[in-house]
Each structure stands twice: as C-alpha cells, then as structure tokens.
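predicted structure and sequence below. I'll ask about it afterward.
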Amino acid sequence: MNINENFRYLHMGLPEDILRRKLGGDFEGAVRLIDRRLQSPETPEALRRCLTAEREMILRLPGDYPFTREQALARAREKIPDFTEEEFDERVFAERAGVVMRGVESAGKESYETGELKRCIRKMKGEGGAGRRICVQASLRIKDELFVPGMKIRAHLPVPAECPEQTEITFEELTPGGRIAPGDALQRTVCWEEEMQENHAFTVRYSYVRRAAYQDTEQMKGEGPQPDFYTQEEAPHILFTPYIRELAARLTERETDPLEKARRFYDFITLHMTYTYMPSYFSLENIVENCARSFTGDCGVFALLFLTLCRCAGIPARWQSGLTAEPDFCGAHDWVQFYVAPYGWL
C-alpha cells in the first residue's frame with residue numbers, strides 16, 4: 001500500500017488517551033503512545049493505518065504554531081503599531097498564533113479591486129468570454145546556512161498542466177537539468193536532481209493562456225439525465241456524514257434543478273462563512289465537517305465543502321488547484337468545477 005493511503009483511515013479518529021495529549025500540546029507524549037500501539041500485534045490493521053497517518057501529522061504540528069502569544073503580539077505590532085490585544089483575540093483561531101501572524105502580515109493588501117472584477121464581467125458578457133496570457137517566474141534556493149557542499153538535492157516547482165481552459169504553455173527559461181512532467185500529469189512539476197557543490201537557485205519562467213467562457217447561469221436550467229461520475233465519497237475528507245447529508249438536504253429542500261442546488265451551496269458558503277488563514281492542510285482532520293461546523297476556512301477548505309455538498313446531492317464535482325494571477329500579484333488558489341447537463345463542466 002502507498003504510504004499516502006494511510007490517510008484514508010483518518011476519519012477513524014484517535015484513541016482518547018492519545019487525543020488528550022495531542023489537544024493538550026503534549027506532542028511527544030502522543031507520539032510515544034502511538035508508537036506503543038503500533039508495536040503491539042493486537043492493534044487492528046485499520047487503526048494501525050490511522051495511527052501511522054496521525055503520527056506524521058503530529059510531528060509536523062509544532063511548525064504551524066511557532067510563536068507564543070507575546071511573540072505573536074509583538075510581531076503584529078511591528079506592522080500595525082496600534083494593534084490591540086482585543087483585536088488579536090478576535091483573529092486567533094483556537095490560539096493558532098502562527099496562523100494569526102500570516103493573517104496579520106497580509107492585512108491591508110487589497111486582494112482584487114471590485115471595479116476590475118466588474119469590468120471583467122462586462123467584457124465576458126459582451127464577448128462571450130475572456131482570456132489572458134499569464135507570465136510567471138518561480139524559483140527556490142536552499143538557505144546558505146543550511147547548505148552543505150556535496151549534498152544531494154531533489155527540487156520541484158509547479159508548472160501549468162494542459163487542459164481546455166489552459167493552453168499555449170511556453171517554457172521560456174529553465175535552470176539546466178530540469179525535467180518537465182508530461183502535460184497531463186496530475187501534479188505537474190519541473191524537477192531537478194543534483195549533487196550540489198555550490199549553492200544556487202532553481203528557476204523556471206513560463207507563460208500560458210488562461211481562458212474562461214461566460215455562462216449566464218441566471219438563464220440556465222439543468223435538464224435531462226444527469227451523469228453519476230465524480231459523485232463518490234473519498235476518505236478522509238469527502239465523506240457524506242449524517243451532518244453533511246442533513247445540511248445538503250436542508251439547503252436543497254423542494255429544489256430539483258441541479259444548477260439551483262449548486263447555487264444554494266455556493267451562496268451558503270460565500271454569504272455566511274468567514275475567510276480565515278489555515279494551518280497546513282496536512283495537519284487538518286475532517287476538513288469538510290469542521291468547516292461546516294465552524295463557518296470558517298480558506299479557499300481550499302471552502303472548495304472542499306462545496307465539492308462535498310455537490311456530490312452528496314448527486315452533482316458531479318471535481319477539485320481544481322492552481323494560481324490566482326493579477327498584474328502585480330500571483331498566489332495559490334483552489335476552486336471547484338461542477339457538472340450540470342446539458343452544459344457540462346461549470
């Protein structure tokens with residue numbers, strides 16, 4: 001079994017004695033108890049898989065919370081001098097100081113001008129769609145203090161995959177030795193493997209054309225037989241728990257049009273939930289149901305909830321991940337495509 005398959009057993013949950021230590025911050029104690037269970041021949045295989053995944057997650061948790069309360073406050077006030085303790089407490093999500101700092105560091109940056117968005121919508125309505133060539137340069141480099149001559153390095157940088165919405169991919173610069181994955185790779189990267197004698201950056205520069213067709217969903221109506229692909233559960237996060245089933249049923253009560261059902265899920269998330277900065281997804285459990293309970297998350301968490309609600313209602317939905325690109329900004333983003341006949345993927 002691939003080691004990543006262990007994560008499909010996460011929804012089993014931790015035994016109570018281990019969970020208490022994890023929640024109390026005694027990560028070493030939690031790992032010690034996990035190791036004891038893993039060494040026991042009496043531990044059922046499914047629990048063994050869950051504990052193996054949980055062990056990896058717990059080992060990485062300290063990296064998500066690097067600051068004490070005092071340190072986080074001090075760092076926040078370097079950027080916002082009049083930042084109060086009350087404001088700090090409002091931003092803290094279960095005292096996640098490292099996550100709070102990432103939120104504070106991004107405070108004050110406008111993510112996208114409303115006027116530009118409206119102009120784009122007008123253009124798409126008038127022309128039936130819009131497209132832009134996006135140019136990106138990405139690089140990574142080992143910190144000088146961590147570099148050791150002769151060390152063997154494997155480095156990856158993400159690059160665009162080929163799909164109907166993304167075409168004319170051109171690689172304009174590449175650090176020698178890089179190997180580019182096939183265009184249809186599920187996780188497309190350029191990879192370098194090298195025994196480095198001198199420290200240097202690994203760089204790729206590429207461009208691609210991103211196009212989006214305008215869909216006037218106000219005038220559309222799902223009709224005819226609907227497909228059943230991309231409607232299954234996928235542990236550990238895409239699960240139709242009793243709460244998710246009840247939520248999906250309540251939101252779509254007395255509605256039969258799959259397009260309108262998707263709209264209700266979308267409105268439920270975008271109109272009622274609060275964007276918060278999250279720890280590494282690797283360390284999160286029950287992402288969908290936790291979001292549906294807390295009404296907080298980020299783009300990926302919201303996307304996963306929308307996807308799960310759609311699938312639970314029989315609407316095909318699939319994950320999308322890539323970049324949000326503006327003239328002076330480029331960052332990671334997650335979203336969802338859902339399928340409604342006779343229109344296809346929307």
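Okay, I see it. As the structure is a computational prediction, the values presented were derived from the model and not from experiment.

SS state for residue 249?
Taken by DSSP: H, G, I helix; E, B strand; the rest coil, the conformation at residue 249 corresponds to helix.

report pLDDT for it.
At residue 249, the pLDDT value in this model is 97.

what's the answer for the one 10 residues further on, then?
Reported pLDDT at residue 259 in the predicted model: 97.

same question for residue 99.
Residue-level pLDDT assigned to residue 99 equals 42.

need the distance between the two termini of stretch 278-295.
Using CA to CA, to the nearest Å, the end-to-end distance of stretch 278-295 comes to 13 Å.

can you tell me the average pLDDT over it?
Rounded mean pLDDT across stretch 278-295 is 93.

what residues of it count as buried?
Applying a neighbour-count criterion of 16 or more other CB atoms under 10 Å, one finds 278-279, 283-289, 291-292 buried in stretch 278-295. Heads up, the C-betas are built off the backbone N, CA and C, glycines and all.

inside strands: which ones of those?
Assigned to strands by DSSP state E, none of the buried residues of stretch 278-295 qualify.

can you put the residues you listed in a markdown table and add distance to residue 324?
Shown next, in a markdown table, are the buried residues of stretch 278-295 (distance: CB to CB, whole Å):
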| residue | distance to residue 324 |
| --- | --- |
| 278 | 16 |
| 279 | 20 |
| 283 | 23 |
| 284 | 21 |
| 285 | 27 |
| 286 | 26 |
| 287 | 20 |
| 288 | 22 |
| 289 | 26 |
| 291 | 20 |
| 292 | 24 |
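
widest-spaced pair of those residues?
Pairwise distances across the buried residues of stretch 278-295 (CB to CB) peak at 19.0 Å, for the pair 283 and 292.

how many neighbours does residue 161 have?
Residue 161 has 19 neighbours, counted by other CB atoms under 10 Å.

where does it sit: helix, strand or coil?
Three-state assignment for residue 161 (three-state DSSP): coil.

hang on, isn't it packed against residue 184?
Yes: using CB atoms under 8 Å, residue 161 is in contact with residue 184, at 6.8 Å.

count of residues packed around residue 325?
Neighbours of residue 325 under the rule other CB under 10 Å: 16.

wait, a strand at it?
Yes: counting by three-state DSSP, residue 325 is part of a strand.

please report how far it lies from residue 189.
Distance check for residue 325 against residue 189: by CB to CB, to the nearest Å, it reads 18 Å.

again with residue 36
38 Å.

which of these two has more neighbours?
The residue with more neighbours, out of residue 36 and residue 189, is residue 189; 17 against 12, by other CB under 10 Å.

pretty sure that one contacts residue 154?
No: counting by CB under 8 Å, residue 189 stays clear of residue 154, with 10.7 Å between them.

what separation is there between residue 116 and residue 308?
In terms of CB to CB, residue 116 sits 31 Å off from residue 308.

which one of those two is surrounded by more residues?
residue 308 (28 against 11).

am I right that the more buried one is in contact with residue 238?
Yes: contact criterion CB under 8 Å: residue 308 and residue 238 qualify, at 5.0 Å.

residues shared between the contacts of those two?
residue 288 (CB atoms under 8 Å, 6 or more residues apart in numbering).

okay, which residue is most central for this structure?
What sits nearest the mean C-alpha location of the chain, by CA atoms, centre = their mean, is residue 300, with 3.5 Å.

return the residues in contact with it.
278, 281, 321, 334.

try it again at 10 Å.
Contact analysis of residue 300 by CB atoms under 10 Å, 6 or more residues apart in numbering lists 278, 281, 284, 287, 291, 319, 321, 332-335.

out of those, who's nearest residue 227?
Distance to residue 227 across those (CB to CB) is lowest for residue 319, with 17.2 Å.

on the three-state scheme, that closest one is what?
Classified using three-state DSSP, residue 319 is strand.

ok, now which ones touch it?
Contacts of residue 319 (CB under 10 Å, 6+ apart): 230, 234, 238, 300, 303-304, 307, 334-337.

wait, doesn't residue 139 sit right on residue 178?
No: Residue 139 is not in contact with residue 178 according to CB atoms under 10 Å; the separation is 11.5 Å.

so for these two, which sits in the more crowded spot?
Using other CB under 10 Å, the more surrounded residue of residue 139 and residue 178 is residue 178, with 20 against 14.
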